[in-house]
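Chemist: All I have is the shape, not the residue letters:
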């Protein structure tokens, strides 16, 4: 197959190649035996380089078994330093023992193929995306490292959310506790104020009752048996002033009239429309007028005590029937309601 074609007068001779007749071909046109199903061809080189570069972005060399790639001699002189490409030296091999022997021969001859073989250094692929700290920690898989970082961020966010929720809940609990404490304090204060008010009212009521009891012991109603017929302030033509100026106790003629309180007789005698009248002056200057008496039992300047008889019921003066017309005057001389005054002394007519 190697040589010139025979001329017209020449005939073809049968060529039976033998091991002695076939010399090993070295140089640029050498074809090495295949190993592992891969031949030294430019096609295999291209596929191998693409596979090696693609594997650098998908998986580490540690997780994939190395793939042997043989390079034809015709390309070695034109290849760059493949050892400088990350991970390529691990994937590209020298083609087994036969290629090692051929490489040794080429080394001796100083061929360019030997130089190219020396440049293909074995180096494991590294993953893009790994930080220095992750690489130092032994991380080899970028996807796993990314997953770890995502999980770490998720854990940090979760921890932050839990801490924030805990702080909010704690603040709400503190505010609730403070509000409950304030409500309890306000309720306690309101209760104490109500109790104090009730106690004060009870004490005041008791004191008033005691005062009225003492006054009742010191004061007495003017008639023992009577009927109230006219009250203070009633209007009518029967009274010269146009209204009633006292309190009327109707009782039979001759019914005893008693001193309401201790005092001094200021006047005792006839008083026109009042008939027979006794004026009893009390210690504070107030005056009690007993009018329309049938008879008098005291004289001017006489001192009397509570309950002493000072006269008797009658119908003298301007009257329509026997009764006691009682008037109360202040120290200044103003007439006031006898009913209210008697009640202020603990008496109930």
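Modeler: Sure thing, it's come through. Remember, predicted model here, so these are calculated numbers, not experimental data.
Chemist: what is the nearest residue to residue 329 once chain neighbours are set aside paired to in the beta sheet?
Modeler: Once flanking residues are discounted, residue 329 sits nearest to residue 287: 4.4 Å by Cβ to Cβ, 6 or more residues apart in numbering. Every residue, glycine included, has its C-beta placed from N, CA and C. Per DSSP bridges, the residues bridged to residue 287 are residue 281, residue 329.
Chemist: which residues touch residue 287?
Modeler: Listed by Cβ atoms under 8 Å, 6 or more residues apart in numbering, the contact set of residue 287 reads 266, 279, 280, 281, 328, 329.
Chemist: what does the strand or helix carrying residue 269 rub up against?
Modeler: Assignment of secondary structure by DSSP states H and E places residue 269 within strand 263-270. Identification of contacts with strand 263-270 by Cβ under 8 Å, 6+ apart yields 276-283, 287-288, 296, 298-304, 310, 316.
Chemist: strand partners of it, parallel vs antiparallel please.
Modeler: strand 276-281 (antiparallel), strand 303-304 (antiparallel).
Chemist: about what we covered before: which members of the contacts of strand 263-270 are classed as buried?
Modeler: Neighbour-count burial (16 or more other Cβ atoms under 10 Å) applied to these gives 276-282, 287-288, 296, 298, 302, 304, 310, 316.
Chemist: Check those against residue 184 and report the nearest one.
Modeler: residue 282 (55.4 Å; Cβ to Cβ).
Chemist: Could you list the buried residues of stretch 243-251?
Modeler: Quick answer for stretch 243-251 (16+ other Cβ under 10 Å): 244, 245, 246, 247, 248, 249, 250, 251.
Chemist: In contact with the closest residue to the third one other than its chain neighbours, which residues?
Modeler: Sequence neighbours aside, residue 327 is the residue nearest to residue 246 in space, at 4.0 Å (criterion: Cβ to Cβ, 6+ apart). Residues in contact with residue 327 (Cβ under 8 Å, 6+ apart) are 245, 246, 247, 288, 289, 291, 335, 338.
Chemist: Specify the helix with the largest residue count in the chain.
Modeler: helix 142-218 (DSSP state H).
Chemist: Now do that one: which elements does it pack against?
Modeler: Here helix 142-218 touches no other helix or strand, going by 3 or more Cβ pairs under 8 Å, 6 or more residues apart in numbering; DSSP states H and E.
Chemist: ok, residue 324 touching residue 251?
Modeler: Yes - at 6.8 Å, residue 324 counts as touching residue 251 under the criterion of Cβ atoms under 8 Å.
Chemist: Now for the two: what residues contact both?
Modeler: Joint contacts of residue 324 and residue 251 (Cβ under 8 Å, 6+ apart) are 223, 226, 313.
Chemist: and which of those residues is nearest to residue 156?
Modeler: For the shared contacts of residue 324 and residue 251, the nearest to residue 156 is residue 226 (99.3 Å; Cβ to Cβ).
Chemist: What residue, apart from its backbone neighbours, is nearest that closest one spatially?
Modeler: Take residue 226 and drop its neighbours on the chain: the residue closest to it by Cβ to Cβ, 6+ apart is residue 249, 4.0 Å away.
Chemist: Please apply the same query to residue 223.
Modeler: residue 249 (4.7 Å).
Chemist: Could you look up the SS state of the one you found?
Modeler: strand (DSSP: H, G, I helix; E, B strand; the rest coil).
Chemist: wait, what's in contact with it?
Modeler: With Cβ under 8 Å, 6+ apart, residue 249 has these contacts: 222, 223, 226, 227, 228, 229, 313, 323, 324, 326, 349.
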